[in-house]
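Asker: the following comprises the amino acid sequence and a computationally predicted model.
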Amino acid sequence: MTPVATPADHQRRLQAFLLDQCVVVLPAACVAAALTSSGAPTTWAWLTSSAVAAVALTLTGAVAGATGHSPGRRLMGVRLVAADGARPLGAVTGAARSWLLTLAGLLTAGAGWWWLALSVVRDEHGRGRGWHDRLCGSLVVEVDVAAAAEAPVPGDPVARVEGLDVAVADARLLDLTALRLAQPGPVPAPRRSPRRPLPVRWQLEVEGEPPVEVTGRVRRAGVEVSVMSDGSLVLRDAGTDGGTSLVRGGAARTVEPGRSATLLPGDRFRADARWVEVLGIDEAVVLR
């Protein structure tokens with residue numbers, strides 16, 4: 001089943017755009033400064049730096065179209081995909097989208113960016129698609145699938161650990177012996193998913209308390225943390241008043257009520273007015 005893509009948060013989408021513009025502008029500025037300081041003509045320095053910026057803009061857009069990621073989007077936890085939310089946009093379309101977005105601001109002294117941002121916020125379908133997205137057939141989504149944070153399963157046993165409600169998964173989900181008896185002939189081997197390195201064990205360290213290991217689902221003050229079937233750790237705001245604060249690499253953002261975000265080792269989030277830090281153990285183990 002194809003998961004439902006969650007439209008990206010407008011604020012983090014804007015932050016990702018500004019970071020990507022820095023990736024384009026900074027190399028060009030460094031080249032211009034180096035040529036100017038060496039005594040090169042101003043016209044030559046301007047043309048060379050413009051060429052560097054054009055190459056950086058094209059490469060950034062092409063990589064984003066092919067993989068969904070750019071430096072700014074990866075840092076802010078959003079991704080660029082096609083309008084259906086299930087496939088990449090494509091390198092050529094991604095590069096064209098970057099040029100369209102950049103020229104819309106440069107040729108209008110920034111007014112075009114405000115107009116496009118307004119079209120993102122006022123999308124009547126609630127998917128955050130601006131006019132540039134509609135022209136290019138693109139959609140900016142959360143890296144995490146909102147549906148990945150599953151609702152609590154009724155009847156799950158709950159254990160109290162250091163002020164956290166830890167839901168323990170029921171191990172008696174499938175009787176393999178009964179499966180073999182009921183099915184004549186050999187049982188087909190399960191399909192192997194692609195190998196990828198993922199943390200296999202997680203700990204949460206609540207401010208002022210010792211770390212506790214998480215094996216299932218953790219709930220506290222409207223914030224829910226779940227270990228998914230692929231080993232990833234997902235944070236979901238289950239209904240707080242103003243969202244959940246999440247800090248990664250010194251950059252803070254808010255997980256809106258009902259939204260989810262994948263957690264990484266070193267992340268910190270706020271629950272019940274206390275900071276919780278994410279600790280990963282055996283981070284480089286390859287799941288087969």
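Answerer: Sure, I can see it. Residues are numbered from 1 along each chain as shown.

Asker: okay, CA-based contacts and neighbour counts for the rest of this
Answerer: Fine.

Asker: which stretches in this protein count as helices?
Answerer: Here the chain has its helices, by DSSP state H, at 10-37, 42-67, 71-76, 91-106, 111-121, 131-136, 176-182.

Asker: minimum distance to residue 265: which of these has it?
Answerer: The closest of the helices of the chain to residue 265 is helix 71-76. By CA to CA, the value is 14.1 Å.

Asker: which among the helices of the chain is found nearest to residue 233?
Answerer: Short answer: helix 71-76, nearest of those by CA to CA, at 16.9 Å.

Asker: for that closest one, buried residues please.
Answerer: Buried residues in helix 71-76, counted by 16 or more other CA atoms under 10 Å: 71, 72, 73, 75, 76.

Asker: what does it contact?
Answerer: Residues from elsewhere that reach helix 71-76 (CA atoms under 8 Å, 6 or more residues apart in numbering): 12, 13, 15, 16, 17, 18, 19, 20, 23, 79.

Asker: just the CA trace of that helix, in PDB.
Answerer: C-alpha atoms of helix 71-76 as PDB (Å, rounded to 0.1, in the frame of the first residue of the first chain):
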ATOM      1  CA  PRO A  71      21.100  20.400   1.600                       C
ATOM      2  CA  GLY A  72      18.400  22.700   3.000                       C
ATOM      3  CA  ARG A  73      15.600  20.100   2.700                       C
ATOM      4  CA  ARG A  74      17.600  17.300   4.300                       C
ATOM      5  CA  LEU A  75      18.500  19.500   7.200                       C
ATOM      6  CA  MET A  76      14.800  20.700   7.700                       C
END
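
Asker: so what's residue 221 up against?
Answerer: Residues in contact with residue 221 (CA under 8 Å, 6+ apart) are 240, 271, 272.

Asker: wait, I meant residue 205
Answerer: 211, 212, 276, 277, 278, 279.

Asker: right, and residue 36 touches residue 46 too?
Answerer: No. Using CA atoms under 8 Å, residue 36 is not in contact with residue 46; the gap is 9.2 Å.

Asker: domains of this protein?
Answerer: 10-143, 148-170+193-287 (automatic domain parsing).

Asker: by mean pLDDT, show me the worst of these.
Answerer: Set side by side, these give their lowest mean pLDDT on domain 148-170+193-287, at a mean of 70.

Asker: just the buried members of the contacts of residue 221?
Answerer: By 16+ other CA under 10 Å, those give 240, 271 as buried.

Asker: residue 59 - how many residues pack around it?
Answerer: 18 (other CA atoms under 10 Å).

Asker: in a markdown table, list the contacts of residue 205 along with neighbour count and distance to residue 27.
Answerer: Supplementary listing: those in a markdown table, determined by neighbours: other CA atoms under 10 Å; distance: CA to CA, whole Å:
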| residue | neighbour count | distance to residue 27 |
| --- | --- | --- |
| 211 | 17 | 43 |
| 212 | 16 | 44 |
| 276 | 20 | 37 |
| 277 | 21 | 35 |
| 278 | 18 | 34 |
| 279 | 21 | 35 |
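
Asker: those residues in strands, which ones?
Answerer: Among these, the ones falling in strands (DSSP state E) are 212, 276, 277, 278, 279.

Asker: going by distance to residue 133, which of those residues wins?
Answerer: When these are ranked by distance to residue 133 (CA to CA), residue 278 comes first, at 34.9 Å.

Asker: hang on, isn't the closest one packed against residue 201?
Answerer: No. Taking contacts as CA under 8 Å, residue 278 lies outside contact range of residue 201: 10.8 Å.

Asker: could I get the contacts of helix 71-76 as a markdown table with distance to residue 251 and neighbour count?
Answerer: Putting the contacts of helix 71-76 into a markdown table (distance: CA to CA, whole Å; neighbours: other CA atoms under 10 Å) gives the following:
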| residue | distance to residue 251 | neighbour count |
| --- | --- | --- |
| 12 | 10 | 20 |
| 13 | 14 | 23 |
| 15 | 10 | 16 |
| 16 | 12 | 22 |
| 17 | 15 | 18 |
| 18 | 14 | 14 |
| 19 | 12 | 18 |
| 20 | 15 | 20 |
| 23 | 17 | 18 |
| 79 | 17 | 26 |
